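Participant: Sequence first, then the predicted structure, then my questions.
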Amino acid sequence: MTRARAAEQAMRTVFPATPLQRNAHLSDRYGADIWLKREDLSPVRSYKIRGAFNAMRKQQGQELFVCASAGNHAQGVAFMCKHLGVKGVIFMPVTTPQQKIQKTRIFGGDNIEIHLIGDYFDDTLAAAQEWCARQGGHFLSPFDDADVIEGQASLAVEIEAQLGGVPDHVILPVGGGGMSSGVATWFGDRTHCLFVEPKGGACLHAAMAAGHPVALDRIDNFVDGAAVGKIGAKPFDLLKDRHLSDVLVLSEDRICTTMIEMLNVEGIVLEPAGALAIEAIGDVQSFIRGKTVVCVTSGGNFDFERLPEVKERAQRYSGVKKYFILRLPQRPGALKEFLGILGPEDDIARFEYMKKSARNFGSVLIGIETRKPENFARLFAHLDEAGFTYTDITEDETLAQFVI
């Protein structure tokens, strides 16, 4: 991986090093010296430009590049296609946020064409590889490529130079494994690396448990920058000897709490994958106290049309918003009686009659927001005391999909 240093130096002809910033807010909260490696401030707002740059610069004379991407790799490839004056054919899932599609077009201009194929990244990847086999060109994997991994490792080269040494811990988000394997290989045993995945795309955890890369049965696309169904073979080969206990898996709703906090408190816009490393600090605070920790904020390509969903997920995870089905008696004063039970910090966010289940009762979908989670214990106690029948559906994923 010594070539990663040469890659890092070559990148300076295209873009400056991304900042490494100490975060006082997080450092004070966790009693550690916490730094953020701001990959969300690269020219394409993610670290993916590194791998694209390094792999493409090594293909001298190649005029056509093909790639598959959930969005960030696409932007890196598009940026470099225009910079190098070559052509690119980019495949992206149909479910890719519009913000990432539009930015890819802006970065690549007339040098690229985009194909939206597949609901999941792995379907898109298969389509891109098939097209490349038929039409030609150099296929540029987003993570399963030695030159891409080498390029992503330049991130670690910068961290060491900017910090003036190696940190005690580095927290790395994991998608297909290109960046995490490159950074971990650069640092070797000089620092402790922690790897963080979303619950709906925990492909490294599954591979380490099985001893080889495995395809996940189900993928949740919410953390689109890290929702990969199978870790790359090359990244896994570099990570396979790490400890399973160093792989953390976080729920999608939990990640949203960090996105909202970093936006409100620090003014930092992070996409879901970009918030993974910061949210994971809470799981390791017992052994990072007093240590130097670097969190890689891997991307900031966030479509603000998704903000209401992010806020909703964060509130539900934090316990300050719940949904339930209330069986409301069909008699005068019943609704007023229910409203009188609400506390001063409780607010109705949704109220919808679903249907009349009987002559004397109606089913009502109710969403309640409050300031403190403990307020719900009081609310439900009062509902029970008043004889109301209700069902909390907040954690019922199947039912919530249809009614919330």
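Facilitator: Cool, the structure landed.
Participant: Met179 against Ser154, yeah?
Facilitator: No: using Cβ atoms under 8 Å, Met179 is not in contact with Ser154, being 10.1 Å away. Placement of C-beta: from N, CA and C, glycine included.
Participant: Show me which of the two is the more surrounded one.
Facilitator: Higher neighbour count among Met179 and Ser154: Met179, with 30 against 27, using other Cβ atoms under 10 Å.
Participant: mind listing what that one touches?
Facilitator: Shown in contact with Met179 (Cβ atoms under 8 Å, 6 or more residues apart in numbering): 47, 51, 143, 152, 155, 172-173, 296, 298.
Participant: give me the element it is part of.
Facilitator: When elements are defined using DSSP states H and E, Met179 is found to belong to helix 178-187.
Participant: That helix: what's the following helix or strand?
Facilitator: Heading C-terminal from helix 178-187 (DSSP H and E), you reach strand 192-198.
Participant: pLDDT of the very next helix or strand once past that following strand, averaged?
Facilitator: Proceeding N to C from strand 192-198, the next assigned helix or strand is helix 203-210, under DSSP H and E. Mean pLDDT, taken over the full extent of helix 203-210, equals 97.
Participant: List the ones among the contacts of Met179 that fall in helices.
Facilitator: 51, 152, 155 (DSSP state H).
Participant: which one is the first one nearest to, not counting chain neighbours?
Facilitator: Right, Gly51. Of all residues not flanking Gly51 in the chain, Val148 sits nearest, at 3.5 Å (Cβ to Cβ, 6 or more residues apart in numbering).
Participant: Number of residues surrounding the one you found?
Facilitator: Applying other Cβ under 10 Å, we find 31 residues neighbouring Val148.
Participant: quick one: it is in a helix?
Facilitator: Yes: membership of Val148 in a helix is supported by DSSP: H, G, I helix; E, B strand; the rest coil.
Participant: Go ahead and confirm it touches Arg57.
Facilitator: No: contact criterion Cβ under 8 Å: Val148 and Arg57 do not qualify, at 11.7 Å.
Participant: Now do the shared contacts for the two.
Facilitator: Counting by Cβ under 8 Å, 6+ apart, nothing touches both Val148 and Arg57.
Participant: Does the residue positioned nearest the centre of the chain lie in a helix or a strand, and which?
Facilitator: Closest residue to the average C-alpha location of the chain: Ala273 at 1.9 Å, with Cα atoms, centre = their mean. Ala273 belongs to helix 272-288 when elements are defined using DSSP H and E.
Participant: hey, where'd the strands end up in the stretch 251-400 of the chain?
Facilitator: 292-297, 321-329, 347-358, 361-369, 389-392 (DSSP state E, counting those that start in this stretch).
Participant: how about Val148, what does it touch?
Facilitator: 51-52, 54-55, 140-142, 178.
Participant: TSV for those residues, including neighbour count?
Facilitator: Below are the contacts of Val148 laid out as TSV (neighbours: other Cβ atoms under 10 Å):
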residue	neighbour count
Gly51	31
Ala52	31
Asn54	28
Ala55	25
Leu140	27
Ser141	23
Pro142	27
Gly178	31
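Participant: which of the residues in the helix holding Met179 are buried?
Facilitator: For helix 178-187, burial by neighbour count (16 or more other Cβ atoms under 10 Å) applies to 178-187.
Participant: and Glu158, how many residues sit next to it?
Facilitator: Residues near Glu158, counting by other Cβ under 10 Å: 19.
Participant: Helix, strand, or coil at the nearest residue to it once chain neighbours are set aside?
Facilitator: In space, and not counting its chain neighbours, Glu158 is closest to Ala17: 4.7 Å by Cβ to Cβ, 6+ apart. Assigned with three-state DSSP, Ala17 falls in the coil class.
Participant: Surely Ala17 and Val157 touch.
Facilitator: No: if you go by Cβ under 8 Å, Ala17 and Val157 don't touch, sitting 9.1 Å apart.
Participant: Read off the pLDDT value for Gly362.
Facilitator: Taking Gly362 on its own, its pLDDT is 80.
Participant: ok, the spatially closest residue to Ser251 that is not a sequence neighbour to Lys322 distance?
Facilitator: Residue nearest to Ser251 in three dimensions, not counting chain neighbours: Lys199, with 4.9 Å by Cβ to Cβ, 6+ apart. Taking Cβ to Cβ, to the nearest Å as the measure, Lys199 falls 21 Å from Lys322.
Participant: more neighbours, these two?
Facilitator: The residue with more neighbours, out of Lys199 and Lys322, is Lys322; 22 against 16, by other Cβ under 10 Å.
Participant: show me the contacts for the residue nearest to Glu158.
Facilitator: By Cβ under 8 Å, 6+ apart, Ala17 lies in contact with 8, 158, 161-162.
Participant: these two touch, right, His115 and Val89?
Facilitator: Yes: between His115 and Val89 a contact is recorded at 7.0 Å, counting by Cβ under 8 Å.
Participant: Comparing those two, which residue is more hemmed in?
Facilitator: Shown here are His115 and Val89; by other Cβ under 10 Å, Val89 has more neighbours (21 against 15).
Participant: Assess the claim that the more buried one and Ala127 are in contact.
Facilitator: No: if you go by Cβ under 8 Å, Val89 and Ala127 don't touch, sitting 11.0 Å apart.
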